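Enquirer: Provided below for reference: sequence and predicted model.
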Amino acid sequence: MKYYAVIDTNVIVSSMLKHDSIPGKILDLVLSKTIVPLLNKEIIDEDEEVLKRNKFGFTNLEVDNLIANIKTNSIFLEREQTIEEFVDEDDIVFYEIVMSARHTMDAFLITGNIKHYPIKNYVVTPKQMIDIINSKNN
């Protein structure tokens, strides 16, 4: 079974910093094509910019390879305008992409900063996403 999800940059960063973690499991599910990332150019650009910050210590090659791997199994969508209020304006694009996707598919937004988003059953933590996948595969 495939799952469709917008993956917040903080989940990608956490997965790279500690691969043997719950966010690391999310990245494994992306790379194994169980989770199909939902993206647009803004999300890709933010992921790349954040991952290439010196404080994380990832090489450009590591980041470029990861982004290329994520993009190979992704669906690119247009943003759907929202009237929701956000603490961090950079989070809006992730929410708008998931809202766009939800017209045609059961899509999730996976984030480590759940409090930054509206309370919705499809805005989930990495642990909640793994629980959803495990419950449907049993």
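Expert: Alright, I've got the coordinates.

Enquirer: count of neighbours near Lys33?
Expert: Lys33: 10 surrounding residues under other CB atoms under 10 Å. To be clear about C-beta, it is placed using only N, CA and C from the backbone, and glycine gets the same treatment.

Enquirer: quick one: it from Tyr4, how far?
Expert: Note on Lys33: its distance to Tyr4, by CB to CB, to the nearest Å, is 12 Å.

Enquirer: can you check Thr59 too?
Expert: To Tyr4, Thr59 is 30 Å away according to CB to CB.

Enquirer: same check, this time on Asp90
Expert: Distance, Asp90 to Tyr4, using CB to CB: 22 Å.

Enquirer: repeat for Ser21
Expert: Distance of Ser21 to Tyr4, given as CB to CB: 22 Å.

Enquirer: out of those two, which sits in the more crowded spot?
Expert: Legend: neighbour count by other CB under 10 Å for Ser21 and Tyr4, higher for Tyr4 (19 against 13).

Enquirer: Would you mark the buried spots in the longest helix anywhere in the chain?
Expert: The residue-count maximum for a helix in the chain (DSSP state H) belongs to helix 60-72. Neighbour counts over helix 60-72 (16 or more other CB atoms under 10 Å) mark 63, 66-67, 70 as buried.

Enquirer: mind showing which ranges of the protein have poor pLDDT?
Expert: 138 (pLDDT under 70).

Enquirer: Show me the helices in it, by range?
Expert: Counting by DSSP H, one finds helices in the chain at the ranges 9-17, 22-31, 41-51, 60-72, 92-101, 126-136.

Enquirer: Dump those to TSV, plus distance to Glu78.
Expert: Listed next are the helices of the chain as TSV, based on distance: least, CB to CB, whole Å:
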stretch	distance to Glu78
helix 9-17	19
helix 22-31	21
helix 41-51	10
helix 60-72	17
helix 92-101	6
helix 126-136	24
